[in-house]
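Novice: sequence plus predicted model, see below.
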Amino acid sequence: MPTKADDLPTDTFSESGSAAASLPGDDLDPVRSPDAEGAAESSEPAQVSSSRVSNLDSLLPNPGDDEPQGRRGKKSAIVEAPKETAQSDISVGKYYLDQKNWRAAQSRFQSALVLAPEDPEVYWGLAESARHLGNFADARANYEKVIEYDPDSRHAKEAKKALEDPKIENAKAAPAGDATGPQ
């Protein structure tokens with residue numbers, strides 16, 4: 001490689017005497033090989049450098065692109081997960097009562113109580129499962145709730161009869177926050 005200005009071809013010097021790189025007039029792409037003759041003279045438009053920000057909108061997703069597509073390209077509503085209902089918990093709780101699975105029944109009725117705190121059917125299930133588990137204080141409290149919420153129902157009549165049982169009648173309510181009864 002020549003190191004002196006005298007050794008370099010004269011066409012590479014500017015009028016100020018400093019060395020300037022010479023590129024063919026149409027070739028503005030420094031990455032393209034100068035051997036690609038005729039590429040700059042083609043009728044195709046020149047490619048734009050990837051560092052330009054124009055047409056960035058075409059790369060970004062549209063606001064509705066993440067919605068699921070239905071058949072034939074129509075947008076469909078997002079399917080939500082099935083919601084838990086008190087009635088389904090009550091139904092399963094009754095099933096467990098019939099099967100004499102007292103703990104499972106109690107669990108389902110406790111779930112239903114969160115969703116339907118004024119449903120006498122929930123208190124009936126809680127009372128029955130508590131009674132069979134030997135938790136007479138909770139059974140008594142729940143039987144009383146059945147009578148309070150629906151005094152004329154079949155369960156209220158059964159609750160009144162159950163409250164006459166000496167075990168339930170004499171059961172003392174546990175202090176608030178104390179769940180140390182038999183389970």
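Specialist: Nice, I can see it.

Novice: how close does residue 163 sit to residue 62?
Specialist: Look at residue 163 and residue 62: by Cβ to Cβ, to the nearest Å, they are 66 Å apart. To be clear about C-beta, it is placed using only N, CA and C from the backbone, and glycine gets the same treatment.

Novice: who has more neighbours, the two?
Specialist: The neighbour comparison of residue 163 against residue 62 (other Cβ atoms under 10 Å) goes to residue 163, with 17 against 7.

Novice: quick one, what contacts that one?
Specialist: Contacts of residue 163 were listed using Cβ atoms under 8 Å, 6 or more residues apart in numbering, and they are 140, 143-144, 169.

Novice: pLDDT score for it?
Specialist: Predicted confidence (pLDDT) at residue 163: the value is 90.

Novice: ditto for residue 62
Specialist: Model confidence at residue 62, given as pLDDT, is 71.

Novice: for it, helix, strand, or coil?
Specialist: Three-state assignment for residue 62 (DSSP: H, G, I helix; E, B strand; the rest coil): coil.

Novice: now do the closest residue in space to residue 150 that isn't next to it in sequence against residue 172, distance only.
Specialist: Excluding its sequence neighbours, the residue lying closest to residue 150 (Cβ to Cβ, 6 or more residues apart in numbering) is residue 120, at 4.0 Å. Note on residue 120: its distance to residue 172, by Cβ to Cβ, is 24 Å.

Novice: kindly report the same for residue 123.
Specialist: 19 Å.
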